[in-house]
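[1] my questions concern the predicted model and sequence given below.
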Amino acid sequence: MRKEKLIVIGNGMAGIRAVEEIISLSPEIFDITVFGSEPHPNYNRILLSKVLQGDTSVEDITLNDWNWYEENDITLYIEEKVISIDSINQEIRTDQGRIEFYDKLIIATGSLPFILPIPGVEKEGVTTFRDISDTNQMVKASQQYKKAAVIGGGLLGLEAARGLLNLGMDVTVVHLSSYLMERQLDLTAGKLLQQELEQQGMSFLLEKQTQEITGHERVEGLKFSDGNLLETDFVVMAAGIRPNTELAQKAGLHINRGIVVNDYMETSSANIYAVGECAEHKGMVYGLVAPLYEQGKVLAKTICGGDVRPYQGSVLSTQLKVSGVDVFSAGDFIEDEQKKSIKVFDEQDGIYKKIVLKGNQIVGAVLFGDSRDGNRLFSMIQKQQDVSEVEKISILQPISGQGSGSLVASMSADDIVCGCNGVSKGTIVEAIQNQGCTSVDELKACTSASRSCGGCKPLVAELLQHTLGSEFDGAAQKEAICGCTSLSRDEVVEEIRAKGLSHTREVMSVLGWSNEEGCSKCRPALNYYLGMVNPTGYVDERESRFVNERMHANIQKDGTYSVVPRMYGGVTNADDLRRIADVVDKYNIPLVKVTGGQRLDLFGVKKEDLPLVWEELDMPSGYAYGKSLRTVKTCVGEQFCRFGTQDSMGVGIALEKKFEGLWTPHKVKMAVSACPRSCAESGFKDIGFIGIDGGWEIYVGGNGGTHLRGGDLLYKVKTDEELMEITGAYLQYYRETANYLERTSAWIERIGIKNVQAILDNVEERKKLNLRIDEALSTYRDPWKEIVENKQAKKELFETVVTS
Ligand SMILES: Cc1cc2nc3c(=O)[nH]c(=O)nc-3n(C[C@H](O)[C@H](O)[C@H](O)COP(=O)(O)OP(=O)(O)OC[C@H]3O[C@@H](n4cnc5c(N)ncnc54)[C@H](O)[C@@H]3O)c2cc1C
Ligand SMILES: NC(=O)c1ccc[n+]([C@@H]2O[C@H](COP(=O)([O-])OP(=O)(O)OC[C@H]3O[C@@H](n4cnc5c(N)ncnc54)[C@H](O)[C@@H]3O)[C@@H](O)[C@H]2O)c1
Ligand code: SF4
Ligand code: FES
């Protein structure tokens, strides 16, 4: 039976959550294609604030990686924008000229940041805060400039400001209203918040209307309507958002503020639905994930058929994600003729609580300084609980001051624990008691609790402890490697060693994985740990690897691949260049790019051409796709440079020849410079070598990515042999102790350079580590050559099967 074609425009949080709901209801009905204009698979936009504040990294906020799309047979086109919808012929067209037919179409285009209509907004140094690219821009600006101004003192502006403070900038928040977060707080809470943030180092200009952004090409300041000026090097616009409706408008759909939908998320056009921030329901447009996820549930049921409970709109609750600030707001929190409030204000401790009652119903709440009662109050608001029988003041006081255990004990089963995902206490308790969840990560996988902003994690953990009672295992609360198990990385590796486990499925079965297939997080990790523990006995499981590692090339947004041949030490010759040029001509390779790691990257290679390209290049794989040694960059060194004191190219080539093909927890880059001028940028590599008089300095844990980190000096050595020995021992220690997907920069901070030095100081230990790395290296075979020589693998992986 022909599957119906479902197209989703927008690869963001609401669109993909709706797809998840659809797949869980009816995995077989639709052939799904998703278009996303950003260059990433679906990620957790909420956590961009945490990325900026340095609490997590861009790599760690992916919600659904490429494997998820592949496993669910979803075609994803990234960096491809849908530019028109033909609702008569049921077709969409993209900016790449692609035209696709749909049976059903979901518009999930989100919002656009509101850009103040004032002169100067186009200047260099003005940004918004909406996506990964904006976040990277802010991190980069903080490395070059000192003064930042954030326009807008709402949730987004304050989270951006906290991030910029953490990045070392002087930050002034410019706000239109007389107090902060006026959409979520009342005057008292807004002022308390300001005091707290001032203590953290933030400055504020309130009741300021920005009239112009001054400067030549780059921003130099802000000019206000009262004539005052503020000098600044960088401006973040966080003055609200607007639903992204242009596409729907052009298609003739009914638009008001957003794309108008009914209670079933249907737009005014047949077979077209809208969900998320772009949708307007009963005059409301939402900008938080909880309502968008509720909409996604309704949409999935509508589209899959069956009983649908119509969407009735959502009550909102918010929390600011700034460490050291405890603030909560929910529902309708401003008093008027019909709505009266009850307040508790402890000025000494800076604690303020207010509930707003309409008749006998609690309709809103604001908490500052102690938000532990937030969930309970939110549940009362959602349930429109009648409080006529209750002594009103007690609503504000029953939990505070008591232990946290009693907080979860006092919650009723339908009280919401995770606001973002609408998960109640009852659902979590059921998952613990009936589905055997024993850790927060398992609960996240089972119920989605704590999957979004993460603010509810402590409460989920308390509930777990409370429910399990004496069976609660504190040790199990260590970071589990994924939601399929409660075991940590160290425990899994220990079990693999102790029980001699030799296959991912065996690990999952023997160690009692809750999901017998594993998931896209644990399968590649197990494959790595098994290979690390038993390098000569373990047979690598191709199917457990990420797609790029399976294909030995990097997949690009148009479905073609990029190919990087190995050029040891970044050194090449006429023969290699001639062969590369011939291959480029023969296979119509559209782009050849010199990489930052001194390699040539051939972009736009068709999947079926990959084995032929590799065969004709006749060069080893550069592993540009792998969690392994990528490149050793070198400066020309003593051979040609006047300043060179060492043979950087020779050492670089020797390092690369020795360690090529070594699987590591994450990618590893090296650089060798022959003098402290460090032309190969040795200070920002996983391992960097700098030639000095009479030897080398070895730097480790450097990173040139979003969270720039200069390497730490590990050792000074006198000879090239010592350099090799230390490098081997260091790399093996990293291989044996890091979590899968942990870069050396994060690992060294976690483990501590002094502890690593203590291990490597021990000559015997160093020898053993080197023996073990040599064993791992002994298994290396060039993967391109293997495929070229293996007809079966070539056929399975690279020949496109055409069925009619
Ligand atoms: C820094 C930050 C922190 C936040 N913190 C919180 C929080 O703590 N709690 C909370 O509840 N909410 C928070 N939010 C809001 C939350 O992230 C959004 O409500 C949510 O992401 C909206 O989901 P969406 O799918 O509607 O839109 P988006 O996630 O923006 O997704 C829309 C996607 O569609 C793509 N797109 C648009 N047009 C096209 C087109 N024509 N073709 C193809 N693709 C297109 C866009 O590029 C985008 O990737 C935060 C937002 C930000 C920016
Ligand atoms: N923790 C969270 O829940 C969280 C965090 C970040 C973002 N978000 C969401 O992201 C979206 C965007 O956030 P936001 O804070 O930009 O939106 P917002 O509309 O909540 O706040 C914008 C703020 O900017 C102020 N403002 C408007 N024009 C201004 C001007 N000319 N000069 C100075 N100030 C001006 C407004 O007074 C308002 O307080 C919202 O939907 C928000 O809910 C949520
Ligand atoms: S690092 Fe020193 S030796 Fe190497 S190229 Fe630069 S200046 Fe010359
Ligand atoms: S409250 Fe945001 S993830 Fe649970």
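    Good, I have the coordinates. Numbering: from 1, shown residues only. Ligands and ions are numbered 1, 2, ... in the order given.

[2] okay, the residue of the chain found nearest ligand 1: pLDDT?
    Going by Cβ to the nearest ligand atom, ligand 1 is nearest to residue 12 of the chain, at 1.7 Å. For the C-beta atoms, the positions are set from N, CA and C on the backbone; glycine is no exception. Per-residue confidence at residue 12 stands at 97 (pLDDT).

[3] likewise residue 186?
    pLDDT recorded at residue 186 is 95.

[4] please apply the same query to the one 3 residues further on.
    pLDDT, residue 189: 95.

[5] now it, what's its secondary structure?
    Using DSSP: H, G, I helix; E, B strand; the rest coil, the structure places residue 189 in helix.

[6] next one: it from residue 46, what distance?
    According to Cβ to Cβ, to the nearest Å, residue 189 stands 22 Å off from residue 46.

[7] next: residue 789.
    From residue 789 across to residue 46, the span is 48 Å (Cβ to Cβ).

[8] those two - which one has more neighbours?
    Shown here are residue 789 and residue 46; by other Cβ atoms under 10 Å, residue 46 has more neighbours (19 against 13).

[9] residue contacts, that one?
    13, 289, 321, 420, 452, 453 (Cβ atoms under 8 Å, 6 or more residues apart in numbering).

[10] of those, grab the buried ones for PyMOL.
    Buried subset of the contacts of residue 46, written as a PyMOL selection, criterion 16 or more other Cβ atoms under 10 Å:
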select buried, resi 13+289+321+420+452+453
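
[11] out of the contacts of residue 46, list just those in helices.
    Counting by DSSP state H, the contacts of residue 46 place 13, 289 in helices.

[12] among the contacts of residue 46, which one sits closest to ligand 3?
    residue 321 (42.9 Å).

[13] how about that closest one: what's its closest non-neighbour residue?
    Sequence neighbours aside, residue 49 is the residue nearest to residue 321 in space, at 5.0 Å (criterion: Cβ to Cβ, 6 or more residues apart in numbering).

[14] you'd agree that neighbour is in a helix?
    Yes. Assigned with three-state DSSP, residue 49 falls within a helix.

[15] save the contacts of residue 46 as a markdown table, and put in distance to residue 238 too.
    Output for the contacts of residue 46, formatted as a markdown table (distance: Cβ to Cβ, whole Å):
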| residue | distance to residue 238 |
| --- | --- |
| 13 | 18 |
| 289 | 18 |
| 321 | 14 |
| 420 | 20 |
| 452 | 20 |
| 453 | 17 |
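
[16] which members of the contacts of residue 46 are the farthest-apart pair?
    Farthest-apart pair in the contacts of residue 46 is 13 and 321; separation 15.3 Å (Cβ to Cβ).

[17] hmm, back to that, from the contacts of residue 46, which is closest to residue 268?
    residue 13 (24.4 Å).

[18] isn't the closest one right next to residue 63, touching?
    Yes. Applying Cβ atoms under 8 Å, one finds residue 13 in contact with residue 63, separated by 7.5 Å.

[19] between the two, which contacts overlap?
    Common contact partners of residue 13 and residue 63 (Cβ under 8 Å, 6+ apart): 42, 44.

[20] per-residue pLDDT of the residue of the stretch 551-700 of the chain found nearest ligand 4, please?
    Of all residues in the stretch 551-700 of the chain, the one sitting closest to ligand 4 is residue 666 (26.4 Å; Cβ to the nearest ligand atom). Note on residue 666: pLDDT of 94.

[21] please name the residues that touch it.
    627, 738, 740, 741, 742, 743, 744.

[22] could you give the number of residues near the closest residue to it other than its chain neighbours?
    Closest residue to residue 666 apart from its sequence neighbours, by Cβ to Cβ, 6+ apart: residue 743 at 4.7 Å. Neighbourhood size, residue 743 [other Cβ under 10 Å]: 25.

[23] please verify my assumption that residue 743 contacts residue 700.
    No. Look at residue 743 against residue 700 with Cβ under 8 Å: they stay out of range, at 11.5 Å.

[24] what do those two both touch?
    Between them, residue 743 and residue 700 share these contacting residues under Cβ under 8 Å, 6+ apart: residue 686.

[25] just the CA coordinates of the longest helix anywhere in the chain, formatted as PDB?
    Longest helix in the chain by number of residues (criterion: DSSP H): helix 720-737. Output in PDB follows, covering the C-alpha atoms of helix 720-737 (Å, rounded to 0.1, in the frame of the first residue of the first chain):
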ATOM      1  CA  ASP A 720      61.600  13.100  19.500                       C
ATOM      2  CA  GLU A 721      61.500   9.600  21.000                       C
ATOM      3  CA  GLU A 722      60.300  11.000  24.400                       C
ATOM      4  CA  LEU A 723      57.700  13.100  22.500                       C
ATOM      5  CA  MET A 724      56.400   9.900  20.900                       C
ATOM      6  CA  GLU A 725      56.300   8.000  24.100                       C
ATOM      7  CA  ILE A 726      54.500  10.700  26.100                       C
ATOM      8  CA  THR A 727      52.000  11.200  23.200                       C
ATOM      9  CA  GLY A 728      51.300   7.500  23.000                       C
ATOM     10  CA  ALA A 729      50.700   7.200  26.800                       C
ATOM     11  CA  TYR A 730      48.600  10.300  26.900                       C
ATOM     12  CA  LEU A 731      46.400   9.300  24.000                       C
ATOM     13  CA  GLN A 732      45.900   5.800  25.500                       C
ATOM     14  CA  TYR A 733      45.000   7.200  28.900                       C
ATOM     15  CA  TYR A 734      42.400   9.500  27.200                       C
ATOM     16  CA  ARG A 735      41.100   6.500  25.200                       C
ATOM     17  CA  GLU A 736      40.700   4.400  28.400                       C
ATOM     18  CA  THR A 737      39.100   7.000  30.700                       C
END
